[in-house]
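Novice: Starting from these lines, generate the structure:
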Amino acid sequence: SSTAGLGEDAKTGTAANPSTAWEGTATTNTFFKNLNEESYGTVFFRATWMPNNYQNTSTNTYYETLVSAISAVASNQTIKVLNGVTEDTALSLESGKTGVKLDLNGKITTLDGVALTNNGTLDIYSSANGGILQGSGAVVITNGGTLTTNGTSTTNSIIIRNTSELPTARVITNNASKTVTLNTNTTVTFTTAIVQPETAAVRYLINDNGILNIAGATLTNTITGTTYDRAVQIGNASGRIVMTSGTVEAYGITLLNNTGTGTDSPAIQISGTEAGTIVKSTAAQAVYNNNATGKVVISGGTISSTSSYAVYNHKAGLVDIAGGNIASTSSNAVRNSTTGTITISGGTISSTSGDAIYNSSTGEIEMTDGTVTADAKAAFSMANGELTITGGTVQGYTYGVFLNATNSSEFTLGTDDSTVTSSSTAKPSITATKASTGIGVQVGAGTFNFYDGVVVGATSKSISGNVTGKPDNYYVKKTNESSTETAILKQSAGAI
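Specialist: The predicted model follows:
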């Protein structure tokens, strides 16, 4: 086919109907010998309207396919979707093309078994509400550059989704050292349940090998109703998840750090208000640090699980909790395994049915501030390892702090210095609330060093076991009043 002789307006589709363009056909490839000469031979041509599904609003050029529009786009130009159509050719924005925008315009654009690869700088948004980019293959978008959603405007909602049943499908893959930013009014999701192979596989909304910024977006993967549905995985040593607001929810693991080392920055960093930043798992862990050198920092938000641990430090990595609300309704809110380290300097950590914080091996936990509560068991349960509390409030039900009866865990309350607060309102405070049997500190086979603070249990049960370390010239004074016993440090008579 050819558009020769039809005029420039017909060639570019800027005739009377800008949503369509002319297509010309002829019996010969040569219409004219020369524009200044007469035509020769018999020429037959037919002009028909062809759909223009995309418009480059910067150049006022129209295209039938998205691949042709993306191939022709230059830096700082916008491609607008005019009609919701299905594309079956792989798309790629070239490296070096920056400031490119894809306006979904409230339409549904479908990628049939192919993906959009971004190697430039691309912002996907919608000038009309409800724009959708969906795919049915292994991945919808592969990012090899800088990808942003709703960077131009967050007014209208967009959805990026995968309709595939593949058990290893992704919605977005972010390549190493590349950046994806998902802003407000962006939803990333699956629409179809997994058809599991014989060997169970897992699928993630996002496989993150670079930097993923979640800034108001909603990521949800709960449709299958199995733990194979997960949200985000870090699959590279330099991978990072930075979440400042939004909601991420999965039936399985929500945020998983498999290989991020956190050498320069935390592999997972969560901040924001408790209402504005939500990380939730229905049947597994909400935050899972699975790398021996991985670092997780939580300074805000709400992190929760209804069937497992809210935060799981599985190996020798570090979890630093400076704020936020971390909760489990069925197990530990925070679990520390092997030789991992947990530091707590703020926030609220709670469990309604299990130990709020459980140290299952020889790892270390340090608390300088914040609140830890357990409604049914111990606030801290130490199978082994070391626990140091120098500030904050600890309240359990059966125990405030429980040291295992067979392993040599060590618990230090307060700082071994010259400052001692001899008061029932001293901080840090350890309390067990169960009537008659609640024990403030159960020493077990461990070691308890008491340097400051207050311990409260049921009558005659503030501390069960021996106190090993105390400030010089101080003793533990226990006072029973009503149905509780309070233990504080008192200076010995005659001590200076």
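Novice: Could you report the neighbour count for residue 308?
Specialist: Other residues near residue 308 come to 22 when the count uses other Cβ atoms under 10 Å. Glycine gets a C-beta too; all of them are placed from N, C-alpha and C.
Novice: no wait, residue 140
Specialist: Close neighbours of residue 140, defined as other Cβ under 10 Å, add up to 24.
Novice: Surely it is in contact with residue 116?
Specialist: Yes. At 6.9 Å, residue 140 and residue 116 qualify as touching, with contact defined as Cβ atoms under 8 Å.
Novice: all strands in the stretch 351-496 of the chain, in order from the N-terminus.
Specialist: Per DSSP state E, counting those that start in this stretch, the stretch 351-496 of the chain has strands spanning 357-359, 364-374, 378-382, 386-389, 393-396, 399-403, 410-413, 429-432, 439-442, 447-450, 454-458, 463-464, 474-481, 484-491. These are given in chain order.
Novice: swap in the stretch 1-150 of the chain?
Specialist: Using DSSP E, counting those that start in this stretch, the strands of the stretch 1-150 of the chain run over residues 20-26, 45-51, 54-56, 61-63, 78-81, 86-87, 91-93, 100-103, 108-111, 116-118, 121-125, 131-135, 141-143, 146-149.
Novice: Reformat these as a markdown table; add mean neighbour count and mean pLDDT.
Specialist: Supplementary listing: those in a markdown table, determined by neighbours: other Cβ atoms under 10 Å; pLDDT from 0 to 100:
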| stretch | mean neighbour count | mean pLDDT |
| --- | --- | --- |
| strand 20-26 | 17 | 52 |
| strand 45-51 | 13 | 62 |
| strand 54-56 | 23 | 98 |
| strand 61-63 | 21 | 97 |
| strand 78-81 | 22 | 98 |
| strand 86-87 | 15 | 98 |
| strand 91-93 | 20 | 97 |
| strand 100-103 | 24 | 98 |
| strand 108-111 | 20 | 98 |
| strand 116-118 | 26 | 98 |
| strand 121-125 | 23 | 98 |
| strand 131-135 | 23 | 98 |
| strand 141-143 | 24 | 98 |
| strand 146-149 | 24 | 98 |
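Novice: nearest to residue 204, of these?
Specialist: Closest to residue 204 of the strands of the stretch 1-150 of the chain is strand 141-143 (Cβ to Cβ; 13.3 Å).
Novice: OK, contacts around residue 316?
Specialist: Residues touching residue 316, when contacts are defined by Cβ atoms under 8 Å, 6 or more residues apart in numbering, comprise 292, 293, 338, 339, 340, 341, 363.
Novice: And residue 57, what's its pLDDT?
Specialist: The model reports residue 57 with a pLDDT of 98.
Novice: how near is it to residue 107?
Specialist: Relative to residue 107, residue 57 is positioned 14 Å away (criterion: Cβ to Cβ, to the nearest Å).
Novice: more neighbours, those two?
Specialist: Under the criterion of other Cβ under 10 Å, the comparison of residue 57 against residue 107 puts residue 107 first, with 20 against 14.
Novice: what's the closest non-adjacent residue to that one?
Specialist: residue 84 (4.0 Å; Cβ to Cβ, 6 or more residues apart in numbering).
Novice: The one you found - how many residues pack around it?
Specialist: As a burial measure, residue 84 scores 15 neighbours (other Cβ under 10 Å).
Novice: Helices along this protein, start to end?
Specialist: Secondary structure of the chain, counting by DSSP state H: helices at 8-12, 66-72.
Novice: for this protein, which spans come out with low pLDDT?
Specialist: Counting by pLDDT under 70, the chain contains low-confidence ranges at 1-50, 197-199, 494-496.
Novice: Which residue lies nearest the spatial centre of it?
Specialist: With distances taken as Cα atoms, centre = their mean, the residue of the chain nearest its centroid is residue 255 (4.8 Å).
Novice: what's near enough to touch that residue?
Specialist: Contacts were defined as Cβ under 8 Å, 6+ apart; by that measure residue 255 touches 231, 232, 241, 243, 248, 268, 270, 279, 286, 287, 288.
Novice: Ok, residue 161 next?
Specialist: Under the criterion of Cβ under 8 Å, 6+ apart, the contact partners of residue 161 comprise 132, 133, 134, 135, 140, 171, 187, 188, 189, 190, 191.
Novice: Please list the outside residues in contact with stretch 295-303.
Specialist: With contacts defined as Cβ under 8 Å, 6+ apart, stretch 295-303 is touched by 243, 257, 261-262, 266-280, 286-287, 289, 310-311, 313, 317-327, 346-347.
Novice: Now go through these and say which are in strands.
Specialist: Secondary structure assignment (DSSP state E) places 243, 257, 268-270, 277-280, 287, 289, 311, 313, 318-327, 346-347 from the contacts of stretch 295-303 within strands.
Novice: hmm, back to that, distance to residue 425 for the strands of the stretch 1-150 of the chain - can I get that in TSV?
Specialist: Compiled in TSV, the strands of the stretch 1-150 of the chain are given as follows (distance: least, Cβ to Cβ, whole Å):
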stretch	distance to residue 425
strand 20-26	79
strand 45-51	76
strand 54-56	69
strand 61-63	73
strand 78-81	63
strand 86-87	68
strand 91-93	63
strand 100-103	59
strand 108-111	62
strand 116-118	58
strand 121-125	54
strand 131-135	57
strand 141-143	54
strand 146-149	50
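Novice: right, so of those, which gets closest to residue 395?
Specialist: Of all the strands of the stretch 1-150 of the chain, strand 146-149 comes closest under Cβ to Cβ, at 42.2 Å.
Novice: just checking, what packs against the closest one?
Specialist: In terms of contacts (3 or more Cβ pairs under 8 Å, 6 or more residues apart in numbering; DSSP states H and E), strand 146-149 is packed against strand 121-125, strand 179-183.
Novice: Mind listing the shared neighbours of residue 140 and residue 116?
Specialist: Common neighbours of residue 140 and residue 116 (Cβ under 8 Å, 6+ apart) are residue 133.
Novice: for residue 189, which residues make a bridge with it?
Specialist: Taking DSSP bridges as the rule, residue 189 bridges to residue 161, residue 220.
Novice: so who does it touch?
Specialist: Here residue 189 is in contact with 159, 160, 161, 162, 171, 205, 218, 219, 220, 221, 223 (criterion: Cβ under 8 Å, 6+ apart).
Novice: switch to 10 Å and redo it
Specialist: Residues touching residue 189, when contacts are defined by Cβ atoms under 10 Å, 6 or more residues apart in numbering, comprise 134, 159-162, 171, 205, 218-223, 231, 249.
Novice: Let me have the contacts of residue 316 in TSV, extended by neighbour count.
Specialist: Converted to TSV, the contacts of residue 316 look like this (neighbours: other Cβ atoms under 10 Å):
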residue	neighbour count
292	13
293	15
338	15
339	14
340	26
341	18
363	25
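Novice: Now the two most distant members of the residues you listed.
Specialist: By the measure Cβ to Cβ, the contacts of residue 316 have their two most distant members at 293 and 363, which lie 14.3 Å apart.
Novice: hang on, the earlier thing: will you turn the strands of the stretch 351-496 of the chain into JSON lines that also has distance to residue 95 and mean neighbour count?
Specialist: Putting these into JSON lines (distance: least, Cβ to Cβ, whole Å; neighbours: other Cβ atoms under 10 Å) gives the following:
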{"stretch": "strand 357-359", "distance to residue 95": "47", "mean neighbour count": "28"}
{"stretch": "strand 364-374", "distance to residue 95": "46", "mean neighbour count": "21"}
{"stretch": "strand 378-382", "distance to residue 95": "52", "mean neighbour count": "28"}
{"stretch": "strand 386-389", "distance to residue 95": "50", "mean neighbour count": "22"}
{"stretch": "strand 393-396", "distance to residue 95": "54", "mean neighbour count": "25"}
{"stretch": "strand 399-403", "distance to residue 95": "56", "mean neighbour count": "29"}
{"stretch": "strand 410-413", "distance to residue 95": "55", "mean neighbour count": "23"}
{"stretch": "strand 429-432", "distance to residue 95": "58", "mean neighbour count": "26"}
{"stretch": "strand 439-442", "distance to residue 95": "61", "mean neighbour count": "27"}
{"stretch": "strand 447-450", "distance to residue 95": "59", "mean neighbour count": "22"}
{"stretch": "strand 454-458", "distance to residue 95": "62", "mean neighbour count": "25"}
{"stretch": "strand 463-464", "distance to residue 95": "66", "mean neighbour count": "21"}
{"stretch": "strand 474-481", "distance to residue 95": "68", "mean neighbour count": "14"}
{"stretch": "strand 484-491", "distance to residue 95": "66", "mean neighbour count": "20"}
